[in-house]
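[1] no sequence on this one, just coordinates:
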């Protein structure tokens, strides 16, 4: 039997950072995000060679490990190993041989939630394989615990829930890691107008979000008023952008994105740099109205709101820099998985959301 899963990546439209503890625990967080047609992929194949074979192309890891109830966590495919260990611990999976293959459409450190999306994707493959009783909330919560607690990777909570639910979501982050996901029903013409008004630009440089998130956490713990006030404003932009989005007011959305970016930069000295500033300058000179880095900052993808009639001009100008623009569209569905049962001549298939 072969099991496959697929999880979407996301754009952080507004409120990013307010989902990171301890800010979300003390003040509550609000985030607006949307999934796009870039994905994480996972395949599990049942084998009989008494090995656990890991081909993690996203982590540049290819190794064969002996059967074990716990895999040692190291720099080689820690996401796969973290999920496996938790599945064995929580659901009593008996060690059995299999091959797991993972890859994604965007590089790690791109600001699109690749690591969290991959954890959700791997989990969904195990859920499908073992028929585990996990809904969207339970899947996202377990992915969060694996990545943030078991593996100790710093970050927020929005990415796991975005990958699990899919679509446009307005999320609330409360104390005790409580999360409420409010799916938004956005009219098709508004989505089309937003797509034609946006340019997604990859700077060509991936980055680690650890230093940025550590500084954000430190600002809250040390009660640095300027940084905390800036985060309050960033959180409010999620409220304002939700209203602008539902009305289809792209001009207001651009204004809100601009406010979000100016206050986001106050969270850490690592959020912007000359490379990002140059890309912003070039885009604005050719018709962009606003821009913001998706994710923690420091590199990865920048999203721009542009005048649609000048979109081609903005794209051509950005593509002369070291990075590249990437076509995209918004998607509705969250993570899903399916099984393939090979026979002599035909493969039958079952599918679940």
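    Yep, it's here. Computed from a predicted model, the values in this text were never measured in an experiment. Residues are numbered from 1 along each chain as shown.
[2] phi, psi for the residue lying closest to residue 49 once chain neighbours are set aside please.
    Take residue 49 and drop its neighbours on the chain: the residue closest to it by C-beta to C-beta, 6 or more residues apart in numbering is residue 97, 5.5 Å away. (Each C-beta comes from the backbone N, C-alpha and C, glycine too.) With angles defined as degrees, to the nearest 10, residue 97 sits at phi -80, psi 140.
[3] equivalent analysis for the one 4 residues further on, please.
    According to degrees, to the nearest 10, the main-chain angles of residue 101 amount to phi -120, psi 130.
[4] go ahead and confirm it touches residue 55.
    Yes: counting by C-beta atoms under 8 Å, residue 55 is a contact partner of residue 101 at 4.4 Å.
[5] tell me the contacts of residue 105?
    9, 38-40 (C-beta atoms under 8 Å, 6 or more residues apart in numbering).
[6] what's the most distant pair in these?
    38 and 40 (8.7 Å; C-beta to C-beta).
[7] which stretches of the protein form strands?
    2-14, 29-46, 51-56, 61-66, 98-104, 168-173, 179-183, 198-202, 288-293, 301-306, 324-325, 336-342, 347-352 (DSSP state E).
[8] export these to CSV and tack on mean neighbour count, mean pLDDT and distance to residue 267?
    Converted to CSV, the strands of the chain look like this (neighbours: other C-beta atoms under 10 Å; pLDDT from 0 to 100; distance: least, C-beta to C-beta, whole Å):
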stretch, mean neighbour count, mean pLDDT, distance to residue 267
strand 2-14, 26, 97, 13
strand 29-46, 22, 97, 13
strand 51-56, 19, 97, 31
strand 61-66, 13, 96, 32
strand 98-104, 20, 97, 26
strand 168-173, 23, 98, 16
strand 179-183, 15, 98, 21
strand 198-202, 23, 97, 21
strand 288-293, 24, 96, 11
strand 301-306, 24, 96, 17
strand 324-325, 17, 96, 26
strand 336-342, 16, 92, 34
strand 347-352, 10, 59, 39
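[9] tabulate those (a markdown table), appending distance to residue 122.
    Formatted as a markdown table, the strands of the chain follow (distance: least, C-beta to C-beta, whole Å):
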| stretch | distance to residue 122 |
| --- | --- |
| strand 2-14 | 7 |
| strand 29-46 | 5 |
| strand 51-56 | 9 |
| strand 61-66 | 13 |
| strand 98-104 | 7 |
| strand 168-173 | 21 |
| strand 179-183 | 20 |
| strand 198-202 | 24 |
| strand 288-293 | 26 |
| strand 301-306 | 23 |
| strand 324-325 | 28 |
| strand 336-342 | 10 |
| strand 347-352 | 16 |
